[in-house]
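J.: Predicted structure and sequence below. I'll ask about it afterward.
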Amino acid sequence: KLIKELAPCKAILEDLECHDDAWPFLLPVNTKQFPTYKKIIKCPMDLSTIKKRLQDMYYKSREEFCTDVRQIFNNCETFNEDDSPVGKAGHCMRQFFEARWNDLC
Ligand SMILES: Cc1ncccc1N[C@H]1CCCS(=O)(=O)C1
């Protein structure tokens, strides 16, 4: 069941990682570069963390995976202006993800 659930998640994650607009989300936000980030964002998340969680069989369902991906984009909207480069990338990536997520079922 677990593997059935998670194979499509791995495929979506790979597509997210190679998207042109993925660059702000590939690794955890550097809190030395962005000192206020830790205070403002209570649940940091990024694509490398999700990849590790998939490999470690951390997710018990597709829904848990989906929640972590959405956390990335919600954090992005909290911290970044909509018309900033990172903010725009976040909106693009969210749209891309939600379309792929709907394809699943
Ligand atoms: C997703 C995010 N939210 C808030 C601040 C920064 C980021 N991402 C950074 C990732 C490294 C490159 S960058 O420093 O230009 C942007």
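T.: Done, it's in.
J.: and the host helix or strand of residue 7, how far from the chain's centre?
T.: For residue 7, the element it lies in under DSSP states H and E is helix 2-17. The chain centroid and the centroid of helix 2-17 are separated by 12 Å under CA atoms, centre = their mean, to the nearest Å.
J.: May I have the next helix or strand after that helix exported as CSV, CA atoms only?
T.: Helices and strands here follow DSSP H and E; after helix 2-17, the next one along the chain is helix 37-40. Output for helix 37-40, consisting of C-alpha atoms alone and laid out as CSV, is shown next (Å, rounded to 0.1, in the frame of the first residue of the first chain):
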residue,chain,number,x,y,z
TYR,A,37,13.2,33.6,8.7
LYS,A,38,13.3,31.3,11.8
LYS,A,39,11.2,33.7,13.8
ILE,A,40,8.6,34.3,11.1
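J.: after helix 37-40 comes which helix or strand?
T.: Once the chain leaves helix 37-40, the following helix or strand, as judged by DSSP H and E, is helix 47-55.
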